[in-house]
Every structure is written in C-alpha cells, then in structure tokens.
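J.: For reference, the sequence and a predicted model appear below.
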Amino acid sequence: MSTNVGGVTLWEKFLISQPATVVAAVLLLMLASGAISIGVTVYTWRNRKTPGATGLSVLAAASGLWSIGYFIELLVSDIGLKLLVANIEWAGVLVAPIAWFVFTFSYTGRDRYTAPGPLMVISFLPMLTLIAVWTNPAHHLMWTTTEVVSTANGVITMMQHEWGPLYWVILGYSYLLWLAGALVLFRTMLDMPQVYRLQAVTLILGTLMPVLGNFATTLLELYGAAIDMTPAAFAFAGLSYAIALSRYDLLGSRPVPRAIACERIVKSMADAVVVTDTKWRVIALNKTAEEILERPAETLKGHPISDIISGTDSTQTNVGNVAVKLGESQRDFELLTSTFTDHHGRPIGSALVFRDVTDRRRNMQQLEVMNRVLRHNLRTEANMLFGYADLVTEALANGSTDRAGRYAKIVRDRAFSLVNISEKAKKLATLQESIAENQQGELVPVEKQLQRAANAVEDEHPECVITVKPSLNEHVVSSSALENVVQELIENGVVHNYSDVPTVWVQAFELDDTIEIHVVDDGPGINPNELVAIRAHGETPLQHGSGLGLWLVTWGVDQLGGEVSFERTEEGGTDAILRIPVRRQQTGGEETDSKDRKENTEATNER
C-alpha cells in the first residue's frame, strides 16, 4: 500500500528516523496513563456499591493493564517475551469495551442490560477471542505472521502482525460496544440538567481519545508497523474520569432518564396501575396490580378491564370507589382514570390507578360509629338512668318499695348496658390498633378459640346452653382475634334471645381453602335494620346500628382476611357464617396458609 524502497516501506523508514525524544514522550504518556488508571481504579473500587462504580473501576484497571503492558512490550526485544506480554495485555484490550458498556448502561439507569444473563451474552465473543489469543499457534485466527521492527535507533521494538479474520471481527465488535455506551450517554445528556450534561460531555470526550487513537493505529498498520497510540490516549481518558469524579460528582449523583424514571415510578408505586388501549383492553400493569389481582401480568394482558376487575368499564372516566375482590376479603379502592393522547391530541389509551382506601374507610366507619355511640347510645342510656333514678326516689317517698325495686332493677340493667358499651369500645380500640400496626396476634388453634369463646359467654350467662362441635384438627390455627369475633356472635345470640334457656350451636369445618364457622341461635333473629349500615360500609343519621357488637365482628373479620354473612334459619333464629382462610401450624412451628398449600400442590402436580 506504500512505496517500498529496499524492502522497507516509507512509513517504516519514517518510524525508524524518529528521534528518541518523541518516543520518550509517547512512553511517558503510557506511564501516566497507567498511573492515572491505577488511581481511578482504587477510588472507584472503594465506592463500588454506587451504581456504575464497578464498571468504571474495571474500565480503569483494563486501560491501565493495556497501557503498562504495551509499555513493557515496546521495551523488551525478545519476540517470545513480547508475545507473552502481549497475550497478557489482550485481557485489558478485550475487557475495556465491556467495562465501558457496563459503566454507561448502569450509570444511565439501564441496569437490565448489565444483569448476569445479558452480560454473559455480551462477553461471549471477547472470552472466545481471549482463548484464541493464547491458542493462536494452533489456528492463526488472530494473526498469521509476526515480526519485530526496530525504531528510534533501537530504543524500542514493535511487533508487526499479519492479522487474521477473528481480529477484524473483535475489532468491529469492540467499536460497537464503545459506540453503544457513547450513544447512551449522549442520549441521556440531552434529557438531563446541566450538571449531568457536563458529566456526560467529559466522559464522552475522554473516551473518544483512545478510540480515535486505536482507529488511527489500525489505519496506519495498513502501511506497515505502527506504534499503538491507544494506551497513550488512555491518559486523556483517565484525566477525564478524574475530572468527572472530582469536579462533577460523577458517582455522587446519577442521572435517570425521564422514560426510565417514569417506568420505575410506576413499577414501584404502592397504588395499582393498569394501562388499557382505546378498547379498554389491558396492555400493561405494575407489580402492585399483579399482587392485588393475584395473577401474573401475562395472563391479564389483552383482556377487557371489566372482565378482570368488577365495577370498572368504559364509563369510568373520573374518580370513584370500586369494590375489588382480593382473596377471601373485600378491599375498597378509589379509582382514578385518565386518558392519554398522541402528539395530535388523539386518545391512544387510558391509565387506571387503584388506590387502596380500605384502612381509610375503616377509620371513617370507626369515627361514625363512635360518634353515634357518644351522641346517641350513651346519651339515651344516661337519660334513662336519670329518669328511672327519679322514679326510684319517687316510689320510695310514696312507700312503694316493690315499685322502687322494679325501677332499681331497670337502673341496674341500664348501668350494665353502659359498662357493656365501654367494654366493647375498648375491644374495638384494641382491634383498630392491631389493624393499624398490621398485627394479627398470636396464632391459636381454631378449635381451642371456639371453646374459649363459648366458655366466656357461659360464665356471664349461666342460664344459656352453648354446643361447640368443630370438625377441625389441632393444626388448623388462626389469629387470636377470631376468639373475640366468635364470642361476640355467641353473646349476641344469647343476650337478644328472650327464651328461658337461650341455645347457641357453634360448628366449624374446612371447605376448600376456607374455614367456615356457623354460629346458630334460636332467638328472634337479627333486626334487618341492624345490618343496613354494615352492608353500606358506614353509618348515617338514618342508617345506624343500636350497638357496637356487629361492628366488632365486621372489623375483626376484616383483620382475619375473611368475610361474614347472616342468614335466617327456618326456625326464625340467626345463622352467622364466618369464612376465613385456612392456616396450619406444622410440627416445628412452621406455618402455612391456603395459598402456599395450593402453590405446593400445583408444583407437585407439575412434577
């Protein structure tokens, strides 16, 4: 490709004629590159937990190995020793582009491309090339011939290779990795504030120097032996890294492109987000939505939103409350719907955000109920106490002890009612605190809790008959809150039963993945008005219960993750039905629930 004079190309003559001072400058740049690389490596490795720091540390170490290795290669004259040093040097040559790729993609928030799987794919060809370097005499894929060329009056000697096909492949592949990292940085730079732009410009310009040096060396080698300018150019790259670290807080602040930021925000939101197309078919949803719906995203995509979440359809355009079935419990969600458009203002889909307001709803219920108790029940009971106390006084003044005794009994009953309200209010407060702290209490066998609840009511009301017949084994457990719920239901069946011997039957059995508990009484049944507020999820001046008992049951069942319903028996009494998830206490203290058992069963069936 160049004029040949006496078997030596003009380019080689030019190299040989260079003064020693020029060669010394190049060698000093290589030493400076090695020193700077070592400093950057040490600093970044100390901060390796910072995103991008590990990639930059490996990049600095690889460039340092490349620079120092080539410095030694130029000084030694024996071709065998030169080849050994060059083969070691190839580790830095091949690792540097990968490290640059990993650093830039981690630094700009594209971590999924630097996970172990993608990283193995990216590193496959360089690893194959490194093996080819050490085994080249067997196949000559990297170079076919090698000779030593002296320059600068013999101060240094260079190896001139006749490159093989694999060399050109890995060279192009390395350029692609350098280019990919630079483009990612450049794209991020356009979308970021000034401080990140300065970081990106410094990194791109610094890294551009060794790439240009390598490209120039490749072109010059077409005309004969040439000094590899890449190691010397790494000195400028190292300086740029040092400036970005010290002046522009490279590892202290990390840019996050808008697209990635929006994606991460949606994925990490505590609210459930579902994205639909213009036909209200699901096209994307975040992790919270998957957990709420208890189904993976792939099984939900493409289905109409109304088929997945009851109460939602194309008419939902603003804000409202939607009841969503979650396992065996009922959760309340506030729905916010917004339509997004293209650049021409045409609708292309909708975003539905479901915010769990169950706790807020429960707190509002408690405020409403407590307000009613203070405003209505306590005032009513206090007025009756005052009234009957006056009647007792009047009866005693008239000498009617029998009538005074009857009134005194009513006073006692009313006072007992006040104490009862106080006790239930205390239970409600304790229950609400445990719900707020997300605590379910101690796990106790269900059978034991049912019996203890029955015993507690029998102690207070010895005239009643309570029969407990659970069909459960001792390993079926539940939160200790179940005992309070069942005790309240039994007590309700006894207190509001006007027969001489109130009778209550308690039965429990497993049904699929649910424990079903029936508390049946032979009383007059629950007044339908008592259930109106419960079913409406709140009280109003026209719709409210007469006590706290049913609210204690409702909130207790919510804590247990179950549901409660009330049916009228053929004899006219009430059948209160509790349904809660099955939980088992295994030998050794391990606890499993119905969902875990179902997954284990499915896994067994697959095997």
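T.: Ah, there it is.
J.: what number of residues lie near residue 298?
T.: Neighbours of residue 298 under the rule other C-beta atoms under 10 Å: 8. No exception for glycine: its C-beta is placed from N, CA and C like everyone else's.
J.: For the remainder of this discussion, apply numbering that starts at 51.
T.: Understood, numbering begins at 51; the last thing we discussed is residue 348.
J.: So which bits of the helix or strand harbouring it are buried?
T.: For residue 348, the element it lies in under DSSP states H and E is helix 347-350. The neighbour-count check on helix 347-350 (16 or more other C-beta atoms under 10 Å) flags residue 350 as buried.
J.: Following the chain past it, name the next helix or strand.
T.: The C-terminal neighbour of helix 347-350 among helices and strands, as given by DSSP H and E, is helix 355-358.
J.: same for that following helix, what does it pack against?
T.: The contact analysis (3 or more C-beta pairs under 8 Å, 6 or more residues apart in numbering; DSSP states H and E) places helix 355-358 against no helix or strand.
J.: residues in contact with the one helix or strand residue 290 maps to?
T.: Using DSSP H and E, residue 290 sits in helix 280-296. With C-beta atoms under 8 Å, 6 or more residues apart in numbering as the test, helix 280-296 has contacts from 76, 79-80, 82-83, 86-87, 89-90, 93-94, 106, 110, 113-114, 116-117, 120-121, 249, 252-253, 255-257, 259-260, 262-264, 267, 300-301.
J.: by contact count, what packs against the helix holding residue 348?
T.: Judged by 3+ C-beta pairs under 8 Å, 6+ apart, the packing partners of helix 347-350 are strand 332-335, helix 337-343.
J.: Now, the contacts of helix 280-296 that are in helices?
T.: Among the contacts of helix 280-296, DSSP state H puts 76, 79-80, 82-83, 86-87, 89-90, 93-94, 106, 110, 113-114, 116-117, 120-121, 249, 252-253, 255-257, 259-260, 262-264, 267 in helices.
J.: What's the separation between residue 345 and residue 289?
T.: 54 Å (C-beta to C-beta, to the nearest Å).
J.: Tell me which of these two has more neighbours.
T.: Using other C-beta under 10 Å as the criterion, residue 345 and residue 289 rank with residue 289 on top: 17 against 14.
J.: Check the gap between that one and residue 90 for me.
T.: 9 Å.
J.: same question, residue 251
T.: Counting by C-beta to C-beta - residue 251 and residue 90 are separated by 18 Å.
J.: what about those two, which has more around it?
T.: A direct count of neighbours by other C-beta under 10 Å for residue 251 and residue 90 places residue 90 higher, at 25 against 16.
J.: for the more buried one, what are its contacts?
T.: Counting by C-beta under 8 Å, 6+ apart, residue 90 touches 106, 107, 110, 288, 291, 292, 295.
J.: Next: residue 94.
T.: Taking C-beta under 8 Å, 6+ apart as the test, what residue 94 contacts is 103, 104, 106, 107, 110, 295, 301.
J.: Please repeat the previous calculation with a cut-off of 7 Å.
T.: The neighbourhood of residue 94, defined by C-beta atoms under 7 Å, 6 or more residues apart in numbering, consists of 103, 106, 107, 110.
J.: Near residue 541, how many other residues are there?
T.: Using other C-beta under 10 Å, residue 541 is surrounded by 20 other residues.
J.: does it sit in a helix, a strand or a coil?
T.: Assigned by DSSP: H, G, I helix; E, B strand; the rest coil, the conformation of residue 541 is helix.
J.: Hmm, it is touching residue 506, no?
T.: No - Residue 541 lies out of contact with residue 506 (C-beta atoms under 7 Å); the separation is 8.3 Å.
J.: hmm, back to that, which of the ones in helices among the contacts of helix 280-296 are buried? Put it as a PyMOL command.
T.: The following PyMOL line selects those of the ones in helices among the contacts of helix 280-296 that are buried, judged by 16+ other C-beta under 10 Å:
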select buried, resi 76+79+80+82+83+86+87+89+90+93+94+106+110+113+114+116+117+120+121+249+252+253+256+257+259+260+263+264+267
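J.: Kindly indicate whether residue 568 is helix, strand or coil.
T.: Of the three states, residue 568 takes strand under three-state DSSP.
J.: Report the contact partners of it.
T.: Shown in contact with residue 568 (C-beta under 7 Å, 6+ apart): 557, 625, 627.
J.: Who does the lengthiest strand in the chain pair with, and is each partner parallel or antiparallel?
T.: Of all the segments of type strand in the chain, defined by DSSP state E, the longest one is strand 379-391. Partners of strand 379-391 in the sheet, by DSSP bridges, are strand 369-376 (antiparallel), strand 397-406 (antiparallel).
J.: In a markdown table, list the contacts of residue 94 along with pLDDT and distance to residue 406.
T.: Converted to a markdown table, the contacts of residue 94 look like this (pLDDT from 0 to 100; distance: C-beta to C-beta, whole Å):
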| residue | pLDDT | distance to residue 406 |
| --- | --- | --- |
| 103 | 76 | 38 |
| 106 | 80 | 42 |
| 107 | 83 | 43 |
| 110 | 84 | 48 |
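J.: and which of those is nearest to residue 523?
T.: Taking C-beta to C-beta as the measure, residue 523 lies nearest residue 103 of these, at 55.6 Å.
J.: so the closest one makes contact with residue 93?
T.: No - here residue 103 does not reach residue 93: they are 9.0 Å apart, not a contact under C-beta under 7 Å.
J.: Can you verify residue 512 is assigned to a helix?
T.: No - Residue 512 is assigned coil when assessed by three-state DSSP, not a helix.
J.: So what does it look like in phi/psi?
T.: phi -70, psi -20 (degrees, to the nearest 10).
J.: So residue 548: helix, strand or coil?
T.: Residue 548 ends up coil, using three-state DSSP.
J.: List the contacts of it.
T.: residue 574.
J.: ok, now how distant is it from residue 513?
T.: Distance, residue 548 to residue 513, by C-beta to C-beta: 12 Å.
J.: ditto for residue 157
T.: Note on residue 157: its distance to residue 513, by C-beta to C-beta, is 78 Å.
J.: Ok, residue 266 next?
T.: According to C-beta to C-beta, residue 266 stands 104 Å off from residue 513.
J.: who's more crowded, these two?
T.: residue 266 (15 against 10).
J.: so where is the stretch 351-500 of the chain shaky, pLDDT-wise?
T.: 360-381, 392-394, 409, 412-413, 415-427, 475-491 (pLDDT under 70).
J.: Could you do the stretch 101-250 of the chain as well?
T.: When residues are selected by pLDDT under 70, those of the stretch 101-250 of the chain lie in 101-102, 201-205, 241-246.
J.: all strands for it, in order.
T.: Using DSSP state E, counting those that start in this stretch, the strands found in the stretch 101-250 of the chain span residues 193-201, 206-213.
J.: which other residues reach the last one?
T.: With C-beta under 7 Å, 6+ apart as the contact definition, strand 206-213 has outside contacts at 73, 124-125, 127, 132, 136, 193-201, 274-275, 277.
J.: Check stretch 430-448 too.
T.: The contact list for stretch 430-448 (C-beta under 7 Å, 6+ apart) reads 453, 454, 457, 458, 460, 461, 464, 465, 467, 468.
J.: Out of those, list just those in helices.
T.: 453, 454, 457, 458, 460, 461, 464, 465, 467, 468.
J.: Which of those are buried, as a ChimeraX select command?
T.: Restricted to buried positions by 16+ other C-beta under 10 Å, the ChimeraX selection for these reads:
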select :454,457,458,460,461,464,467
